[in-house]
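Participant: What would the 3D arrangement of this be:
(2 chains)
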There are 2 protein chains.
Amino acid sequence: MKFYNKAILPQGFKANGISCGIKKSRKLDLALVFSQFPAAAAVMSTTNDIAAAPVIVNSAHLKAARKFHAVIANSGNANAFCGKTGIAAAERMSAAAARALGVKKESVFVASTGVIGRQLPVEKITAAAPALAAGLSKNGIAKAARAIMTTDKFVKAATVKFSIDKKPVTICAVAKGAGMISPDMATMLVFIVTDAAVSSAALSSALKAAVGNSFNCITVDGCMSTNDTVICLANHAAGNRPVAAGKKDSALFTFGLETVCLDLAKKMVRDGEGASKFIRIEVCGAKTRAQAKKVALSIANSNLFKTAMFASSQNVRGRIVAAAGAAGAGIKEKELKIGFTSLHRAEISVRVGIGNGRSSAVIYTSDLTHKYIKINAEYN
Amino acid sequence: MKFYNKAILPQGFKANGISCGIKKSRKLDLALVFSQFPAAAAVMSTTNDIAAAPVIVNSAHLKAARKFHAVIANSGNANAFCGKTGIAAAERMSAAAARALGVKKESVFVASTGVIGRQLPVEKITAAAPALAAGLSKNGIAKAARAIMTTDKFVKAATVKFSIDKKPVTICAVAKGAGMISPDMATMLVFIVTDAAVSSAALSSALKAAVGNSFNCITVDGCMSTNDTVICLANHAAGNRPVAAGKKDSALFTFGLETVCLDLAKKMVRDGEGASKFIRIEVCGAKTRAQAKKVALSIANSNLFKTAMFASSQNVRGRIVAAAGAAGAGIKEKELKIGFTSLHRAEISVRVGIGNGRSSAVIYTSDLTHKYIKINAEYN
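Facilitator: Below is the predicted model of the structure:
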């Protein structure tokens, strides 16, 4: 399996990114990813009680159709907490893309990211849809990746190439995400496309596993978003024997998917709002993975831990103790062992033993800095 | 009931605070509060899995004795995560105070606050105990309150005076707490003394109710400490008919206790590390109080909410939506109503309606500022 630190679209996919005027800065704010062949799809979305309109519309589309063609996404406005008007706007956005592409409305997914609670200026999107579609190209994926950025400081993309059934396949993913990042999905949009032939069931279970081991293992600020969405399209263009759930090929495909997801998840943490350090927290010796994850998350989300990391303070040891104990995971002082690599480096590994159990969990997080405050106090 | 914004010791109590050399700054770091009469006691402590040594020693004392005389407390070192050596140190601290006061060891409670994971220099405390006891006085409570401070910017004290059974009684409390503040107790030490005659059972249930409506309704950074302790001593010097659980006098006594506790809880939030704003979050229309509290806490502990508050950003509305939805309390967008007073004032009231239920909850919190980062990155 070969890894590429950039987006390389698989066969049968094109993309584009333009500015339609939602962002006052006139930066790119509208993206389209399109498969010329009908594709199987899997979608995972936020578990926030207040799901954004695109999240609601996507789950309706998933029920209404079996094959899919595209994702249209905007940045600069989350289209969340906008009531029925918001739902209608998300549907119009999807319909405009479908019209421009000549496909069914239900075959187009929607995503939005940005400020919550302001009505989406959907006319700007519908007006721009024809030009957006007309400009689709193989290399347009770079612009699409830029068009979904908000507070992101760099483009996040990854590609793997490998063979299934002796046919070369590609999995390519682009993502945005830097703040409001917490497990169980974050403020992040992730679009994954592959030319592998994969059954819908196999695609869903592979995505669930990959997300569980990547995006659900990162936290920047413990804040869960209303808009988190991971969409995966598999268009069968590689011509391999379709990957079916539970078969050997399925493990290989899942590994490929997990590779790009974990890479993007780590990039989100590195780009964590104001982050100056990348921190890997491993909790081991746990009775269950759930216990280990509970403790790791409690440490990762502790503001006191995160500020001590920012300061490279030896005090961090006590803060790990307090946060581990506060997890409510039933740990004991005499079984608690704490180790960490040099606090003065940009990448820090923390290892916490909590007993003699065989389970462990890893969480990736960033420190809490003056820049985080500045970014989030000034964000509009 | 008359309220005083300072500590006024009830009959039969004396206190003192000195510097014994734990804090390098030579600021006061050792406090003693003493009742000349044997007192009933109630204690509430952290639910952190890694409880500090004083917390463990106090619960042993509570089982071993029925009447109590004193609390000795140090700042500058938490005596937490110090193993058996820490337990022995807490016991020596208690024994030294008992010897100096001429009372039984088990009748003296212990408390510590400061850095976690460093051995307590207990010799400094045992050496200072005789002078600490010799200097006890009625007015010494002011020094005791100063001696338990860590990052606190001001002394926290409150007193109420009222009558029970036609006898004048006093409830006086001092506290420390500014960071690592989260419900289910915080990094806080609270010592409450009263001359009211109260049965042990009535004292315990009154303290539980008062803490539930005060210290368990505040959060500064969502971080739960290893050392949180609230100790209440009732020495019967007022000569009233003893307050018994469930009787009329009990409700009055509980109200008095809650009044000082809520005042101190609010003072902790006002003194929240780096806080520039005092925020009251009320969630109403809930099915149960637990549902309301879950939503209120999720908002109060959201870093994105807290930074938006710091910046007086209208963006705060969207962040309340995201945090309310992330609580996992089963709320619906169409039932969510959000209101707040001017964001440019130092005190802000946020009201969130989540349905047609009759339950509500109030949480007090502060904003997240550059100063929080500075204080916690530099704290040693």
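Participant: in the lengthiest helix in chain A, what's buried?
Facilitator: The helix spanning the most residues in chain A, taking DSSP state H as the definition, is helix A:248-270. Applying a neighbour-count criterion of 16 or more other Cβ atoms under 10 Å in any protein chain shown, one finds A:249-250, A:252-254, A:256-270 buried in helix A:248-270. Bear in mind the C-beta positions are built from the backbone N, C-alpha and C, glycine included.
Participant: how far is the helix or strand following it from where the chain is centred?
Facilitator: The helix or strand immediately downstream of helix A:248-270 is strand A:278-286, counting by DSSP states H and E. Here strand A:278-286 shows a centroid-to-chain-centroid distance of 21 Å under the convention Cα atoms, centre = their mean, to the nearest Å.
Participant: Neighbouring strands - and their directions - for strand A:278-286?
Facilitator: Taking DSSP bridges as the criterion, strand A:278-286 sits next to strand A:347-353 (parallel), strand A:359-366 (antiparallel) in its sheet.
Participant: and that strand, what's its mean pLDDT?
Facilitator: Computed over strand A:278-286, the mean pLDDT rounds to 95.
Participant: is chain B contacted by the helix or strand that that strand is followed by?
Facilitator: Toward the C-terminus, strand A:278-286 is succeeded by helix A:289-300 as the next helix or strand (DSSP H and E). No. Residues of helix A:289-300 contacting chain B under Cβ under 8 Å from any Cβ of the partner chain: none, with a closest distance of 9.1 Å.
Participant: just how off-centre is helix A:289-300 within its chain?
Facilitator: What separates the centre of helix A:289-300 from the centre of its chain is 20 Å, taken as Cα atoms, centre = their mean.
Participant: what does stretch A:354-362 give?
Facilitator: For stretch A:354-362, the gap between its own C-alpha mean and the chain's C-alpha mean amounts to 27 Å (Cα atoms, centre = their mean).
Participant: ok, now stretch A:349-361?
Facilitator: The gap between the average C-alpha position of stretch A:349-361 and the chain average comes to 26 Å, counting by Cα atoms, centre = their mean.
Participant: So for that stretch, first residue to last residue, what's the gap.
Facilitator: Here the two ends of stretch A:349-361 are set 13 Å apart, with distance taken as Cα to Cα, to the nearest Å.
Participant: what about it, average pLDDT?
Facilitator: The predicted model assigns stretch A:349-361 a mean pLDDT of 95.
Participant: Likewise for stretch A:19-27?
Facilitator: The average of the pLDDT scores along stretch A:19-27 is 95.
Participant: what sits up against that stretch?
Facilitator: A:28-30, A:74-77, A:114, A:120-121, A:124-125, A:127-128, A:132, A:146-147, A:149 (Cβ atoms under 8 Å, 6 or more residues apart in numbering or on different chains).
Participant: Please repeat the previous calculation with a cut-off of 7 Å.
Facilitator: For stretch A:19-27, the surrounding residues in contact (Cβ atoms under 7 Å, 6 or more residues apart in numbering or on different chains) are A:28-30, A:74-77, A:121, A:124-125, A:128.
Participant: Tell me which two in those are the farthest apart.
Facilitator: Maximum pairwise distance among the contacts of stretch A:19-27 (Cβ to Cβ): 15.8 Å, between A:Leu28 and A:Pro121.
Participant: Between those two, which has more neighbouring residues?
Facilitator: A side-by-side neighbour count of A:Leu28 and A:Pro121, using other Cβ atoms under 10 Å in any protein chain shown, places A:Leu28 first with 21 against 15.
Participant: now, among the contacts of stretch A:19-27, which is nearest to chain B?
Facilitator: Of all those, the one sitting nearest chain B is A:Asn77; the distance, using Cβ to the nearest Cβ, is 10.3 Å.
Participant: about what we covered before: can you list the strands paired with strand A:278-286 in JSON lines and add mean neighbour count?
Facilitator: Output for the strands paired with strand A:278-286, formatted as JSON lines (neighbours: other Cβ atoms under 10 Å in any protein chain shown):
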{"stretch": "strand A:347-353", "mean neighbour count": "19"}
{"stretch": "strand A:359-366", "mean neighbour count": "23"}
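Participant: closest to B:Ile281 out of these?
Facilitator: Closest among the strands paired with strand A:278-286, once you apply Cβ to Cβ, is strand A:359-366, at 25.9 Å.
Participant: about what we covered before: let's have the strands paired with strand A:278-286 in a markdown table, adding distance to A:Thr47.
Facilitator: Supplementary listing: these in a markdown table, determined by distance: least, Cβ to Cβ, whole Å:
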| stretch | distance to A:Thr47 |
| --- | --- |
| strand A:347-353 | 26 |
| strand A:359-366 | 18 |
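Participant: Tell me, how many residues neighbour whichever residue of the stretch 201-350 of chain A sits closest to chain B?
Facilitator: When distances are taken as Cβ to the nearest Cβ, the stretch 201-350 of chain A reaches nearest to chain B at A:Gly318, 2.7 Å away. The tally of other residues near A:Gly318 (other Cβ under 10 Å) stands at 24.
Participant: what's the model's confidence in the host helix or strand of it, averaged?
Facilitator: With elements delineated by DSSP H and E, A:Gly318 resides in helix A:316-326, which encompasses its position. Averaged across helix A:316-326, the pLDDT comes to 90.
Participant: ranges for the helices of the stretch 101-250 of chain A?
Facilitator: All helices of the stretch 101-250 of chain A, identified by DSSP state H, counting those that start in this stretch, fall at A:122-134, A:141-147, A:200-212, A:248-270.
Participant: returning to that earlier point: I figured the residue of the stretch 201-350 of chain A closest to chain B hits B:Gly114, correct?
Facilitator: No. Shown here, A:Gly318 and B:Gly114 do not form a contact pair, counting by Cβ atoms under 7 Å, at 9.3 Å.
Participant: Summarise which helices and strands the lowest-mean-pLDDT helix or strand in chain A is packed against.
Facilitator: Sorting the helices and strands of chain A by mean pLDDT, DSSP states H and E puts helix A:370-378 at the bottom, at a mean of 78. Other elements packing on helix A:370-378 under the criterion 3 or more Cβ pairs under 7 Å, 6 or more residues apart in numbering or on different chains; DSSP states H and E are helix B:303-310, helix B:370-378.
Participant: Switch those helices over to TSV, and while doing so, append mean neighbour count to every line.
Facilitator: Shown next, in TSV, are the helices and strands packed on helix A:370-378 (neighbours: other Cβ under 10 Å):
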stretch	mean neighbour count
helix B:303-310	28
helix B:370-378	20
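Participant: Nearest to B:Ala197, out of those helices?
Facilitator: Distances from B:Ala197 to each of the helices and strands packed on helix A:370-378 were compared by Cβ to Cβ, and the smallest falls on helix B:370-378, at 42.5 Å.
Participant: who touches that closest one?
Facilitator: For helix B:370-378, contacts defined as Cβ under 7 Å, 6+ apart pick out A:304, A:307-308, A:310-311, A:313, A:368-370, A:373, B:151, B:179, B:273-274.
Participant: ok, now with 8 Å
Facilitator: Helix B:370-378 has contacts (Cβ under 8 Å, 6+ apart) with A:303-304, A:307-308, A:310-311, A:313, A:368-370, A:372-374, B:151, B:179, B:221, B:272-276.
Participant: for chain A, which spans come out with low pLDDT?
Facilitator: In the prediction, chain A carries residues with pLDDT under 70 at positions A:179-187, A:221-225, A:378-380.
Participant: OK, contacts around A:Thr288?
Facilitator: A:357, A:359.
Participant: Mind doing that once more with 7 Å?
Facilitator: Contacts here follow Cβ under 7 Å, 6+ apart; on that basis A:Thr288 touches A:Ser359.
Participant: Quick check on it: phi, psi?
Facilitator: Recorded main-chain torsions at A:Thr288 are phi -140, psi 160, according to degrees, to the nearest 10.
Participant: Would you mind measuring from it to B:Ile116?
Facilitator: In this structure, A:Thr288 and B:Ile116 are 27 Å apart, going by Cβ to Cβ, to the nearest Å.
Participant: Now A:Asn16: which helix or strand?
Facilitator: Assigning secondary structure by DSSP H and E places A:Asn16 in strand A:13-18.
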